[in-house]
Structure formats: C-alpha cells, structure tokens
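Peer 1: all I have is the shape, not the residue letters:
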C-alpha cells in the first residue's frame, strides 16, 4: 500500500466536516464521505466507486444526485474536496489490487480514470509536482508485457488486374471519411463490387452544425454539401500528409508490409475516386444524421440486405430494428474483451498486439454478434517520429493506420464467406469483456510511443 495515499486520506478525514444525507437514492457526497471513513469496502462500495469513476471517465463530470439506476438528477457538478476524495479512494483501491497480485495491464483502465480526475481537482495532493501525482505517473512508465497471443498475420488480399469485378450481396452505407475510402479500395482490390452504395451526405456542416446550402435547389445542394463534407472530414489526414510526409510514409510502409495491402490500394484511398467506380448503383441521401426519419424509411423499404457500416455516428434503434437490414461493422479491438473508445491503442497497450473484429451491429456499445475476431501484429512505425506531438501521432494513426487495421479484418471476413446477411456468428455476453473510454492524454502518449519505438 502507498504511504502517500494513506497519509492524504487521513488528512482529508481530519479536514472535512461531517455531512448529512440529502437524497433518498444515490447521494454522491454522502457516499464519498462515508467511504472516506470506511476501513474496508464492500461489494456495494466497489460498485459505487466503479459507477462514479465511469461517469468522470466518460463525461469529465460527476453530479451530486442520481437515481438508483444512475440516471443524473438536476444540479451542478461536484467539485473539491469530493473530487479529491474520489481520486484518493480510487488510487487506494489500485494499490490494494496491485498488492494482491493484479498485473499492470488490468490496472491501466483505473489509472486512466485517475489521470482524468486529477485534471479536475485543484487539491494540493495532486498538484503537478506533488509526490502523490509523481507516484501515480510512475505506474505508466513501463508498458505491460504482451500476453501469450495467437497472432493472426493477414494474407495479401489484393487482386489487382482482375478481368471483371464480381458483384456481391453487400451494400455499403457510405459516410465520407478515411475508413469508408479504405473499405471501398479493399473491395476493389479483391475484385468485388457492392450491389449499391448509399452515400450519406450531411445536410449540416460537420463542424458548425449549421445547414449547408440551405437555399440551394436539391440538385445543386447535394454535390455542394458533399464537397464541404469531404473537405472537412479529410482535413487532418490531408494536413498530416502535407506537413509530415515522412510520418505518413512510415505508416504506409508498415501497413503495406505487414497487413498485405498493395501501395496502389493505399494510394487509391487518397484519390477521392467517384463512387460510381466502385458500384453500378449509387444512391445519394441528404440527411441530418443517422437518425433522420427519411433514411430509416428508405432502408426499411429495401429487401433483405447485408450492409457495410462505414461510420457517421451511433446507429439509432430506428435502423437497428429494421428486420431486413443487417449492418456489418469492424471494430478496432478484440471482442468481447476490448470494447469502447480508443480500442486500437488500448489493445496494443494492454496486450502488446493489435486486434480487430467484424460483427453485426446491435443496440449497445460493440455488443452485436461476432463474425470474426483477430489478434494482429502490433505496429512498429519508424522510431524517428517518436518525439512528434502526441496530437499529430494520434491523428496520423487514427486517420491512416486504423482504417487499414479494420480493412484487413473486413477483407478476411469477406474472403471467408459467400453470403453476408447471415454469416455464422457468436452471440456476445454483454457482461463479459471490458468497455474502455477515451484515453487521458498522458495514457495516450504512452500508448503512441510504444508504436514508434524499435
């Protein structure tokens, strides 16, 4: 156990006055005060800490009052000293788990929460130069060792030069972006052509959310809105290619050598090729988003169709409930073990390997039936770029490596089956696995540096 955290908890016990319970259901301040003075924690106490940590992990805020099923009630977010208390309790539990033999990998998620919570508190216990903060940071210095994993090495799937593309029973729900472009080039490289592409064009600016070309006639508005969407959604990939061509090339070299994509396929994804190159039928839909009623109505009118989801947000229930549509998605993590956000980085940091899974979308976060889940080699890009700004490295790997990581498992999924509406799949148990949230900047920096070292 850390002497520093025990001393800090003792100081908080002496400084904070007793509090009265104000709410009959979940009173966060009352519970934190009670746990501050508890000598040991019950299962119910651990569950309370998990739920409180989860809300800060996701939203960077914790409110004083929740219903018994953790629905937020009106009120301002809590501040110090209670954020400090929560961080101390969470860190003491990390120390207890470590003393009991927990490995570093299993502690990375609670440490990620701690980093976020420390950013919210002004307590001197977590000041930038405080011994306690330095002790917590020291846990991140050594990345966890990789476990014994069966690494899948993708075969080269390109079939450039095929005489005539073969149409397959798969439609593409296309939302402009690097992932969508990588998927289309992957299909093309395999000599496959989707039955149709449904091009979702954002009627609102993806940055400002203001209507685009509102007063234009429909025939003019669609191409104008599409051009705005394309320019803005590819801004960072284009910016990194121009400002850091060596970094972009280093990622391309690794992807081509280790994921088996021809350079012509990678370059094709950058060309913004007309969608009619990839399919004989392209339907354009000017939509406010995936929850646009006109979109769900048009999809519901289609016959039984397997549809490749390429992004655009969280798919609403109105689409997931359409019985004639099955949405195939590729997640950059090994399901069900690694769900949620930043999973490409969580996978490498936790296991020393990359991973991705194809599955049918269902309500919930990455909880649908699994078609294929694979461990893949962890990327090791040229070390020359290790000292680049974290934001630059993050944008580079998310916009250029991540799409091809997903595309490699998409390629294997399509190659292993002839029909895509009802591929053999495994139902997920929603209680198994772990849901991860976006990494704190320091955690993200550690994960990225592991990708750029020899």
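Peer 2: Received the coordinates, thanks. In this text, all values refer to a predicted model and were calculated from it rather than measured experimentally.

Peer 1: please make it C-alpha for all contacts and neighbour counts, starting now.
Peer 2: Will do.

Peer 1: pretty sure residue 181 sits in a helix.
Peer 2: Yes: the assignment for residue 181 by DSSP: H, G, I helix; E, B strand; the rest coil puts it in a helix.

Peer 1: that one - how many residues pack around it?
Peer 2: 24 (other Cα atoms under 10 Å).

Peer 1: do the same with the one 4 residues further on
Peer 2: Applying the criterion other Cα under 10 Å, we find 24 residues in the vicinity of residue 185.

Peer 1: identify the residues contacting the helix or strand containing it?
Peer 2: Element membership for residue 185, per DSSP states H and E: helix 178-189. By Cα atoms under 8 Å, 6 or more residues apart in numbering, the residues outside helix 178-189 that reach it are 157-160, 165, 174, 193, 234, 265-266, 268-270, 272, 278, 310-311, 399-400, 402-404, 406-407, 410-411.

Peer 1: just the ones in helices from these, please.
Peer 2: 265, 266, 268, 402, 403, 404, 406, 407, 410, 411 (DSSP state H).

Peer 1: could you dump the residues you listed to CSV with pLDDT, neighbour count and distance to residue 202?
Peer 2: What follows is the ones in helices among the contacts of helix 178-189, written out as CSV (pLDDT from 0 to 100; neighbours: other Cα atoms under 10 Å; distance: Cα to Cα, whole Å):
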residue, pLDDT, neighbour count, distance to residue 202
265, 95, 19, 27
266, 94, 19, 26
268, 94, 18, 23
402, 96, 20, 23
403, 97, 21, 21
404, 97, 28, 24
406, 97, 23, 24
407, 97, 27, 24
410, 96, 25, 25
411, 96, 21, 28
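
Peer 1: touching, residue 300 and residue 322? I think so.
Peer 2: Yes: at 5.9 Å, residue 300 and residue 322 qualify as touching, with contact defined as Cα atoms under 8 Å.

Peer 1: now the top strand by length along the chain: average pLDDT?
Peer 2: Scanning the chain for the strand with the most residues, using DSSP state E, yields strand 192-202. Strand 192-202 shows a mean pLDDT of 95.

Peer 1: helix, strand or coil for residue 8?
Peer 2: Residue 8 - assigned by three-state DSSP - is helix.

Peer 1: ok, it - contacts?
Peer 2: By Cα under 8 Å, 6+ apart, the neighbours of residue 8 are 88, 125.

Peer 1: pLDDT score assigned to it?
Peer 2: Listed pLDDT for residue 8 reads 91.

Peer 1: burial of residue 77, as a residue count?
Peer 2: The burial count for residue 77: 11, using other Cα under 10 Å.

Peer 1: one more: residue 97?
Peer 2: Other residues near residue 97 come to 16 when the count uses other Cα under 10 Å.

Peer 1: confirm residue 167 sits in a strand?
Peer 2: Yes: assignment of residue 167 by three-state DSSP places it within a strand.

Peer 1: quick check: it touching residue 192?
Peer 2: Yes: applying Cα under 8 Å, one finds residue 167 in contact with residue 192, separated by 5.8 Å.

Peer 1: and these two? which has more neighbours close in?
Peer 2: The residue with more neighbours, out of residue 167 and residue 192, is residue 192; 22 against 14, by other Cα under 10 Å.

Peer 1: for that one, give the beta-bridge partners.
Peer 2: Beta-bridge partners for residue 192, by DSSP bridges, are residue 166.

Peer 1: lowest-pLDDT helix or strand in the protein?
Peer 2: helix 104-120 (a mean of 84; mean pLDDT, DSSP states H and E).

Peer 1: buried stuff in that helix?
Peer 2: 104-105, 107-118, 120 (16 or more other Cα atoms under 10 Å).

Peer 1: now, which of the residues you listed sits nearest residue 435?
Peer 2: Distance to residue 435 across the buried residues of helix 104-120 (Cα to Cα) is lowest for residue 109, with 9.5 Å.

Peer 1: show me what contacts the closest one?
Peer 2: Counting by Cα under 8 Å, 6+ apart, residue 109 has contacts residue 436.

Peer 1: quick check: it vs residue 347, distance?
Peer 2: 12 Å (Cα to Cα, to the nearest Å).

Peer 1: go on, residue 73?
Peer 2: Distance, residue 73 to residue 347, using Cα to Cα: 35 Å.

Peer 1: who has more neighbours, these two?
Peer 2: Neighbour tally, residue 73 and residue 347, criterion other Cα under 10 Å: the higher count belongs to residue 347, 23 against 12.

Peer 1: that one against residue 337, yeah?
Peer 2: No: applying Cα under 8 Å, one finds residue 347 not in contact with residue 337, separated by 9.4 Å.

Peer 1: quick one, phi psi at residue 172?
Peer 2: phi -120, psi 120 (degrees, to the nearest 10).

Peer 1: burial count for it?
Peer 2: 24.

Peer 1: that one is in contact with residue 307, isn't it?
Peer 2: Yes: the criterion here is Cα under 8 Å, and residue 172 meets it with residue 307 at 5.3 Å.

Peer 1: what sits against residue 251?
Peer 2: 381, 397, 400, 401.

Peer 1: rewinding a little: by contact count, what packs against the next helix or strand after the least confident helix or strand of the chain?
Peer 2: Using DSSP H and E, the helix or strand that directly follows helix 104-120 along the chain is helix 131-138. On a contact count with 3 or more Cα pairs under 8 Å, 6 or more residues apart in numbering; DSSP states H and E, helix 131-138 meets helix 3-15.

Peer 1: please point out which parts of the helix it packs on sit buried.
Peer 2: Buried positions in helix 3-15, judged by neighbour count with 16+ other Cα under 10 Å: 5, 8, 9, 12.

Peer 1: pLDDT weak spots in the protein?
Peer 2: 1, 103-105, 140-153, 155-163, 218, 453-454 (pLDDT under 70).

Peer 1: which residue ranges make up each domain of it?
Peer 2: For the chain, automatic domain parsing gives the domain ranges 3-138, 166-451.

Peer 1: just say helix, strand or coil for residue 171.
Peer 2: Assignment for residue 171 (three-state DSSP): strand.

Peer 1: what number of residues lie near it?
Peer 2: Residue 171, neighbours per other Cα under 10 Å, totals 23.

Peer 1: now residue 90
Peer 2: Neighbour tally, residue 90, other Cα under 10 Å: 22.

Peer 1: can you pull the contacts of it?
Peer 2: The neighbours of residue 90, taking Cα under 8 Å, 6+ apart as the test, are 49, 110, 114.

Peer 1: make it 10 Å
Peer 2: Residue 90 makes contacts with 46, 49, 50, 52, 53, 84, 96, 110, 111, 113, 114, 117, as judged by Cα atoms under 10 Å, 6 or more residues apart in numbering.

Peer 1: mind putting those residues into a markdown table with distance to residue 221?
Peer 2: Putting these into a markdown table (distance: Cα to Cα, whole Å) gives the following:
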| residue | distance to residue 221 |
| --- | --- |
| 46 | 54 |
| 49 | 50 |
| 50 | 48 |
| 52 | 46 |
| 53 | 45 |
| 84 | 52 |
| 96 | 60 |
| 110 | 47 |
| 111 | 48 |
| 113 | 44 |
| 114 | 47 |
| 117 | 45 |
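
Peer 1: many thanks, we can stop here.
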